[in-house]
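1. Have a look at this fold, sequence not included:
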């Protein structure tokens with residue numbers, strides 16, 4: 001049976017979320033441990049609400065969730081740079097292809113709960129099949145290798161088997177972002193996002209914070225309450241994977257991209273969950289005009305709250321890059337410093353994307369390879385890193401072994417968009433960027 005949102009899971013994840021933000025939840029956690037996950041469901045829901053009233057102590061970060069409050073704490077705008085029409089077209093198409101290729105690359109080894117497909121596990125498998133470092137779709141041997149169980153999508157996402165893009169929420173949200181801007185324009189609201197989700201997305205094809213937010217919409221809640229009510233996933237990666245349309249349609253204008261992302265993120269996320277989408281949008285927008293990956297990352301940091309945990313983590317990754325560490329040593333530090341977050345949290349996954357972009361340094365294959373080798377949310381990180389690298393490269397410069405198997409064809413759960421050509425989606429995005 002597919003359980004949607006169980007009280008026992010929500011309360012456990014809320015305890016983790018509160019502990020990460022220095023809230024004292026010891027007493028409630030002790031009560032939860034004494035309860036039966038099924039029989040005591042009603043009491044567990046009460047405890048979820050009680051956790052929301054926990055006291056916070058010793059907190060040094062400034063992490064607002066209110067739209068105006070976020071804008072108030074942002075550093076000065078870095079300005080915009082113009083992009084000529086032919087370059088913009090090529091780079092937007094590259095962003096689409098990069099996102100889709102990177103997502104498909106990561107799908108067979110997405111971590112999931114438990115020890116499977118950690119960074120070390122991915123490396124050991126790739127070494128066994130002579131595919132490390134990762135520079136092409138992941139090979140799957142005909143015979144099973146003990147200890148290496150692929151995610152069930154592998155028949156469509158491993159080397160030699162990719163035929164069109166496999167369906168994934170990381171691609172669904174890019175489509176939805178373009179749809180949203182097409183229908184409502186740049187003044188869209190969080191309520192508009194909620195309406196489109198309810199209309200176009202199947203409930204069980206979305207996850208964590210997005211599923212909670214949709215449940216809250218069905219309850220009749222309005223944003224921003226949809227992001228906070230019984231939602232322990234509000235700082236997880238879900239909003240970060242929804243940033244692309246806002247970056248692609250603001251080429252060379254990272255502040256505009258970041259600000260445009262806020263209303264989308266606010267439906268389902270708070271604090272660093274929102275900043276993750278702002279950052280990814282700004283990074284993609286900056287990639288249109290930056291001279292190299294480090295410049296794009298540095299620019300992107302100017303468009304998120306500077307005293308947030310996300311900004312701190314991204315600055316750390318840049319520091320390790322500047323210090324001359326290898327990608328592997330830098331990822332050891334990411335794991336040591338930010339490994340206490342769950343495998344689909346915004347902060348540790350953003351650090352992995354930043355590392356992939358920095359050490360990939362404009363090399364498309366290396367960038368998405370690093371993103372997936374990092375483990376954690378491999379398809380999401382491959383997709384976001386691929387979007388950035390695809391913008392850097394432009395469609396024509398992405399190696400054909402990534403692009404040709406996609407067959408210019410997309411599979412999606414977004415109602416009305418299945419089997420739309422990738423080139424058509426790119427063209428719609430280009431029109432939105434031209435009329436920004």
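-> Thanks, I have it. The structure displayed is predicted, hence computed values, not measured ones.
2. Surely residue 77 forms part of a strand?
-> No: the assignment for residue 77, made by DSSP: H, G, I helix; E, B strand; the rest coil, is coil rather than a strand.
3. Can you name the residues that contact it?
-> By C-beta atoms under 8 Å, 6 or more residues apart in numbering, residue 77 lies in contact with 255, 302-303. Just so you know, the C-beta spots here come from the backbone N, C-alpha and C atoms, and that holds for glycine as well.
4. The host helix or strand of residue 263: how far from the chain's middle?
-> If you go by DSSP states H and E, residue 263 is part of helix 254-266. Centroid separation for helix 254-266 versus its chain: 14 Å, with C-alpha atoms, centre = their mean, to the nearest Å.
5. what's downstream of it, the next helix or strand?
-> Using DSSP H and E, the helix or strand that follows helix 254-266 towards the C-terminus is helix 271-287.
6. residues contacting residue 346?
-> 235-237, 239-240, 272-273, 275-276, 310.
7. oh, I was asking about residue 212
-> 5, 10, 229-231, 233, 268.
8. picking that back up, type out the ChimeraX command that picks the buried ones from the contacts of residue 346.
-> Only the buried members of these end up in this ChimeraX selection, burial being decided by 16 or more other C-beta atoms under 10 Å:
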select :235,236,237,239,240,272,273,275,276,310
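9. Can I get the contacts of residue 346 in CSV including pLDDT?
-> What follows is these, written out as CSV (pLDDT from 0 to 100):
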residue, pLDDT
235, 98
236, 98
237, 98
239, 98
240, 98
272, 98
273, 98
275, 99
276, 99
310, 99
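10. remind me which residues of the chain are low pLDDT?
-> Where the chain drops to pLDDT under 70, the residues are 1-3, 112-115.
11. Please tell me how far the spatially most central residue of it sits from residue 280.
-> Nearest to the mean C-alpha position of the chain, counting by C-alpha atoms, centre = their mean, stands residue 241 at 3.1 Å. Distance from residue 241 to residue 280, counting by C-beta to C-beta, to the nearest Å: 8 Å.
12. cool, and residue 233?
-> Distance of residue 233 to residue 280, given as C-beta to C-beta: 17 Å.
13. more crowded one of the two?
-> Set residue 233 next to residue 280 and count neighbours by other C-beta atoms under 10 Å: residue 280 wins out with 32 against 26.
14. Map the structural domains onto the sequence of this protein.
-> 7-51, 67-107+166-434 (automatic domain parsing).
15. Out of those domains, which one sits most buried?
-> Mean neighbours per residue, mean count of other C-beta atoms under 10 Å, is largest over those for domain 67-107+166-434, with a mean of 22.
16. Endpoints of it, how far apart?
-> 26 Å (C-alpha to C-alpha, to the nearest Å).
17. again, but for stretch 368-385
-> End-to-end distance (C-alpha to C-alpha), stretch 368-385: 6 Å.
18. so how far is it off the chain centroid?
-> Its chain's average C-alpha position is 10 Å from that of stretch 368-385, according to C-alpha atoms, centre = their mean.
19. Stretch 293-311 too?
-> A distance of 16 Å separates the centroid of the chain from that of stretch 293-311, by C-alpha atoms, centre = their mean.
20. Ok, stretch 336-343 next?
-> So, by C-alpha atoms, centre = their mean, the centroid of stretch 336-343 is 16 Å from its chain's centroid.
21. Helices of the stretch 51-200 of the chain, start to end?
-> Along the stretch 51-200 of the chain, the segments classed as helices by DSSP state H, counting those that start in this stretch run 67-73, 85-106, 119-128, 154-157, 169-184, 190-200.
22. So which elements touch the fourth one?
-> So the one you mean is helix 154-157. Packing contacts for helix 154-157, counted by 3 or more C-beta pairs under 8 Å, 6 or more residues apart in numbering; DSSP states H and E, involve helix 85-106.
23. any idea of the angle the helix it packs on forms with helix 119-128?
-> Orientation check (axes from the mean of the first three to the mean of the last three C-alpha atoms, to 10 degrees): helix 85-106 against helix 119-128 gives 90 degrees.
24. hang on, the earlier thing: which of the contacts of residue 346 lies closest to residue 394?
-> Nearest to residue 394 among these is residue 240, at 23.6 Å by C-beta to C-beta.
25. Is the closest one in contact with residue 274, as I believe?
-> No: counting by C-beta atoms under 8 Å, residue 274 is not a contact partner of residue 240; they are 9.5 Å apart.
26. pretty sure residue 224 contacts residue 266?
-> Yes: assessed by C-beta under 8 Å, residue 224 is found in contact with residue 266 at 5.2 Å.
27. overlap in contacts of those two?
-> Shared contacts of residue 224 and residue 266 (C-beta under 8 Å, 6+ apart): 65, 190.
28. Spatially, what comes nearest to residue 91 if we skip its sequence neighbours?
-> residue 391 (4.7 Å; C-beta to C-beta, 6 or more residues apart in numbering).
29. my guess is that neighbour contacts residue 290, does it?
-> No: under the criterion of C-beta under 8 Å, residue 391 makes no contact with residue 290, lying 9.5 Å away.
30. Cool, thanks, signing off.
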